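Q: got a predicted structure here, sequence first:
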Amino acid sequence: MELNYLINDPDLTKSSSKMGTKFWETLCLEIEKINPNTIVELGSGQGCCTISMARVLERINKNGIIHSYDVFKEWGGYEEISDRLKDRGLGDFVKFYKGNVFETWVANPTEFDCLLIDI
């Protein structure tokens, strides 16, 4: 998988100093291998994983969706992440749910092909 489109992303480049590019490479390669229709993301944080997974879906599964759950109290909230996704043409790949993941998704789990837990 060609990862230049990820490595050159300003949000991921900024975050890479903490995570390392190997993390993004591994995440994206695993998402590509799974080729999911539905990803559940527990903990959106700054949205870097969300953006990365949406970029992979854009390339391999245009009908894929990410259901992202977080309390959105830090890092600007889901509006900021949503704006960054829209700026990249990825807004249709993600639906956000605000609230404690244990009270939202864990209490009422939905079907998924891939689950990312980052809380």
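A: Received the coordinates, thanks. Numbering: from 1, shown residues only.
Q: spatially central residue in the chain, please.
A: residue 50 (1.5 Å; Cα atoms, centre = their mean).
Q: so that residue lies in a strand, does it not?
A: No: read with DSSP: H, G, I helix; E, B strand; the rest coil, residue 50 is helix and lies in no strand.
Q: for the helix or strand residue 69 falls within, packing partners?
A: In the assignment (DSSP states H and E), residue 69 maps to strand 65-70. Secondary-structure packing of strand 65-70 (3 or more Cβ pairs under 8 Å, 6 or more residues apart in numbering; DSSP states H and E): strand 38-42, helix 48-60, helix 77-87, strand 94-98. Yep, even glycine has a C-beta here, placed from its N, CA and C like the rest.
Q: mean pLDDT added to the ones you listed, as JSON lines?
A: Shown next, in JSON lines, are the helices and strands packed on strand 65-70 (pLDDT from 0 to 100):
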{"stretch": "strand 38-42", "mean pLDDT": "97"}
{"stretch": "helix 48-60", "mean pLDDT": "92"}
{"stretch": "helix 77-87", "mean pLDDT": "87"}
{"stretch": "strand 94-98", "mean pLDDT": "94"}
